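K.L.:
Dropping the sequence and predicted coords here.
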Amino acid sequence: MFELLKERVEVEQVFDVFKNSFSADRLYMRDDVGLLGWMFVNFVALLFYYRVYDLLLGCNVLDRYSVGDVVLHFSRVFKLKLGAGWVLSEIPKSSRLLAEKLKIEISIT
């Protein structure tokens with residue numbers, strides 16, 4: 001019985017992520033194709049969310065950083081097209097330090 005209750009709590013947490021982090025509790029779809037696309041994008045976002053969550057949990061930094069913090073830090077890093085090739089923009093120091101804590105290797109090329 002406890003295992004069933006525990007599984008229900010985990011499902012509720014996933015719905016909370018949908019509502020609070022993705023604002024996915026509102027949809028403005030006009031047709032079935034739009035709804036299917038919306039569901040697919042939110043499913044992929046949920047997969048990435050929990051990959052980052054597992055990374056934070058594995059590196060024991062979940063008490064200091066949230067998934068939203070990680071997304072905010074790395075949203076400041078851009079891939080730019082210069083001439084014929086692509087390069088990374090300057091990486092802020094706080095994002096570099098977070099990448100080191102998470103053991104993420106950022107390639108400059």
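P.N.:
Alright, I've got the coordinates.

K.L.:
Check which element follows the helix or strand of the chain at the bottom of the mean pLDDT ranking along the chain.
P.N.:
Least confident helix or strand of the chain, by mean pLDDT, DSSP states H and E, is helix 2-16 with a mean of 72. Sequence order places helix 32-58 as the next helix or strand after helix 2-16, per DSSP states H and E.

K.L.:
OK, contacts around the most centrally placed residue in the chain?
P.N.:
Closest residue to the average C-alpha location of the chain: Y49 at 3.6 Å, with Cα atoms, centre = their mean. Taking Cβ atoms under 8 Å, 6 or more residues apart in numbering, we find Y49 in contact with 17, 21, 67. Yep, even glycine has a C-beta here, placed from its N, CA and C like the rest.

K.L.:
Output the residues you listed as JSON lines; include the columns distance to E90 and pLDDT.
P.N.:
As requested, these are exported to JSON lines (distance: Cβ to Cβ, whole Å; pLDDT from 0 to 100):
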{"residue": "V17", "distance to E90": "31", "pLDDT": "81"}
{"residue": "S21", "distance to E90": "28", "pLDDT": "76"}
{"residue": "V67", "distance to E90": "24", "pLDDT": "91"}
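
K.L.:
Nearest to Y53 among the residues you listed?
P.N.:
Closest to Y53 out of the contacts of Y49 is V67 (5.5 Å), distances taken as Cβ to Cβ.

K.L.:
Now G85, what are its backbone angles?
P.N.:
phi -120, psi 170 (degrees, to the nearest 10).

K.L.:
and the contacts of Y49, which are buried?
P.N.:
Neighbour-count burial (16 or more other Cβ atoms under 10 Å) applied to those gives 17, 67.
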